[in-house]
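**Q** structure for this input, please:
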Amino acid sequence: MIGILGAGSLGRLWAALLPQDQVAFLPRPDADPAPALLSYSFESIQGSQRSLALPWLQQPDDLSLLLVTTKAGDTLTALQHWLPKIPESVPIVLFQNGLGSQQAVADTSPQRPILAASTTEGANRPDPNRLVHAGSGETWVGALTPRARPELPGVVAQLATTGLVVHAEDQILVRLWQKLVVNAGINPFTAILDCPNGDILANDFFQRHIDPLCREIAGLMAAEGIGDPTAGELRQRIETVARNTARNTSSMRGDILNRRTTEIDFINGYLVQLGQRLDIPTPVNQLLTDRVKQLSPHKESEEFPDGQSPFEDLHPHRG
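**A** Okay, here's the model as predicted:
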């Protein structure tokens, strides 16, 4: 049995594509008591639709694999509830955005086969009971702990039963950094500017900060031994993804719009913390982190009682 911890868009996508008699969801420890089945409709990348009803697993004794698709900030807490009930031999694959949460899990359970995944598959939920596979991509999986290395081929084979493109990745940290660069250069701008990905490119706020942001990230990557990219190469990568996903809403903007906690602490906030450890200044990452945090509903209501947002000047096209 393959267990999935995290019933958001990504978790539901993998559940929909894995063999239906071999997959079940694990309830979050803080969730309300769940019905016996999680039901939702699934629209494939080709446009076909079908209904799914997948079980909630209360006793994970027979797990062969666990996929963790929770938000980064929830991962360690959610896992700590289940780990005592899961045999130490079961591989655990972490699908979180950013960096920091994966290392925390690996450091907490070094004796377990802990792996990380980076995916470019796109999925969204237009309403709570409907999932759309909105964009095809690729998934890379690699070991975070020594115990995970011999498990990697088998994990990749299990995930490939979905029909998705899945690769074994020897340098998964490099792959996670590549995704972090894109997230750090797109997500906070879309949240602050309240716009789809492509709209940031012509905005003065983005144009003013993207070069110094890329210089900060390039310096951190060089210090960490993660390749030797130039700031210009990083900017090109960020802007290419923004153009290719121009009408998409980033997860961070979606979190702000839906009054959810963002993952900023594991994206630009992670880069700020890394800079502090390495004694490398990261003022633009700090600025973006602070401004995204100020956009949370309770912060705005407390700090700006008159309803005036400090970011209104970033939207000259709005009246």
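**Q** just the element for the closest residue to residue 231 other than its chain neighbours, please.
**A** Once flanking residues are discounted, residue 231 sits nearest to residue 214: 3.9 Å by C-beta to C-beta, 6 or more residues apart in numbering. C-beta here means a position set from N, CA and C on the backbone, and glycine is covered the same way. Using DSSP states H and E, residue 214 falls within helix 204-224.
**Q** then residue 178?
**A** helix 172-193.
**Q** now that helix: average pLDDT?
**A** For helix 172-193, mean pLDDT rounds to 97.
**Q** in it, which residues are buried?
**A** By neighbour count with 16 or more other C-beta atoms under 10 Å, helix 172-193 contains the buried residues 172-193.
**Q** how far off helix 204-224 does it point, in degrees?
**A** Here the directions of helix 172-193 and helix 204-224 differ by 160 degrees (axes from the mean of the first three to the mean of the last three C-alpha atoms, to 10 degrees).
**Q** one step back: identify the residues contacting the helix holding residue 214?
**A** With contacts defined as C-beta atoms under 8 Å, 6 or more residues apart in numbering, helix 204-224 is touched by 177, 181, 184-185, 189, 192-193, 200, 227-232, 234-235, 238-239, 271, 274-275, 278, 280-285, 287-288, 314, 316.
**Q** write the ChimeraX selection for whichever of these are buried.
**A** Selecting the buried subset of the contacts of helix 204-224 in ChimeraX, with 16+ other C-beta under 10 Å as the burial test, is done by:
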select :177,181,184,185,189,192,193,200,229,231,234,235,238,239,271,274,275,282,284,285,287,288,314
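**Q** in strands only, show me the contacts of helix 204-224.
**A** Counting by DSSP state E, no part of these is found in strands.
**Q** what secondary structure does the most centrally placed residue in the chain sit in?
**A** Geometric centre of the chain, nearest residue: residue 97, 2.5 Å, by C-alpha atoms, centre = their mean. Look at residue 97: counting by DSSP: H, G, I helix; E, B strand; the rest coil, its state is coil.
**Q** quick one, phi/psi of the residue nearest to it when sequence neighbours are not counted?
**A** Nearest non-adjacent residue to residue 97, counting by C-beta to C-beta, 6+ apart: residue 263, 5.2 Å away. In terms of degrees, to the nearest 10, the main-chain angles of residue 263 are phi -100, psi 30.
**Q** contacting residues for the residue nearest to the centre of the chain?
**A** Contacts of residue 97 (C-beta under 8 Å, 6+ apart): 71-72, 179, 183, 251, 263, 266-267.
**Q** ok but residue 155 is inside a helix, no?
**A** Yes - counting by three-state DSSP, residue 155 falls inside a helix.
**Q** okay, the nearest residue to residue 160 once chain neighbours are set aside: pLDDT?
**A** Leaving aside its chain neighbours, residue 160 sits nearest to residue 166 (4.6 Å; criterion: C-beta to C-beta, 6+ apart). Looking at residue 166, its pLDDT stands at 98.
**Q** surely residue 166 is in a strand?
**A** Yes - judged by three-state DSSP, residue 166 forms part of a strand.
**Q** ok, it - contacts?
**A** Counting by C-beta under 8 Å, 6+ apart, residue 166 has contacts 138-141, 156, 159-160.
**Q** tabulate these (TSV), appending distance to residue 103.
**A** Shown next, in TSV, are the contacts of residue 166 (distance: C-beta to C-beta, whole Å):
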residue	distance to residue 103
138	23
139	20
140	17
141	16
156	22
159	22
160	26
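**Q** of those, closest to residue 39?
**A** Comparing the contacts of residue 166 against residue 39 with C-beta to C-beta picks out residue 159 as the nearest, at 23.6 Å.
**Q** care to break this structure down by domain?
**A** 2-170, 174-314 (automatic domain parsing).
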